[in-house]
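What follows is a predicted structure for the sequence shown.
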Amino acid sequence: MTTPIKPPTWFWVVSVIALLWNLVGVFNYLNQAFNQVAMLESLNQAQREAFEGIPAWATAAFAIAVFSGTIACIGLLLRKKWARPLFMISLVAAVAQFVHWLFISNAVDAFGSSTYIMPIIVIVIGLYLISFSKKGIQKNWLN
């Protein structure tokens, strides 16, 4: 059994920022799930069709990605090792969602090449959080 080591201040800063980032994702998911009429009214026809064509599995992947990422961030703040597998689940779910959005749906045609920006940012941050939690485990900050 190893004794947990107190993490540095930057660990807490990164963990709080990661939690806020994931809470924005939760807000976006809830907005998409429960405020569809208002959201769809603000889109042109091609964009509306892209959103209306999202299958249940892609919506489920979105939910799994944001909620598991948020719970993982709470795990970081509680200094728990189980944060890392939740970050991995979050990333896999996000990639599944983005595969549909970028390569199966007509989202790129409807929204333009800028459609790639957010998925790239999400994947980079997801990879970083997996690495960050691995480092926390190695440094004995997480138990």
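Great, that's in hand.

The least confident helix or strand in the chain by mean pLDDT - contacts with which helices or strands?
Lowest by mean pLDDT, DSSP states H and E among the helices and strands of the chain is helix 36-41, with a mean of 78. The elements that helix 36-41 packs onto, with contact taken as 3 or more CB pairs under 8 Å, 6 or more residues apart in numbering; DSSP states H and E, are helix 45-52. The way it works is simple: take the backbone N, C-alpha and C, and place the C-beta from them, glycine included.

Can you mark which positions in whichever helix or strand comes after the helix it packs on are buried?
Sequence order places helix 56-77 as the next helix or strand after helix 45-52, per DSSP states H and E. With burial defined by 16 or more other CB atoms under 10 Å, the residues of helix 56-77 counted as buried are 58, 61-73, 75-76.

Pro8: which of the residues you listed is nearest?
Closest approach to Pro8 among these (CB to CB): Leu76, at 13.3 Å.

How about that closest one, nearest residue that isn't a chain neighbour?
Leaving aside its chain neighbours, Leu76 sits nearest to Ser15 (4.2 Å; criterion: CB to CB, 6 or more residues apart in numbering).

With Ala72 instead?
Nearest residue to Ala72 in three dimensions, chain neighbours excluded: Leu86, at 3.6 Å (CB to CB, 6+ apart).

Okay, the one you found and Glu41: tell me how far apart.
35 Å (CB to CB, to the nearest Å).
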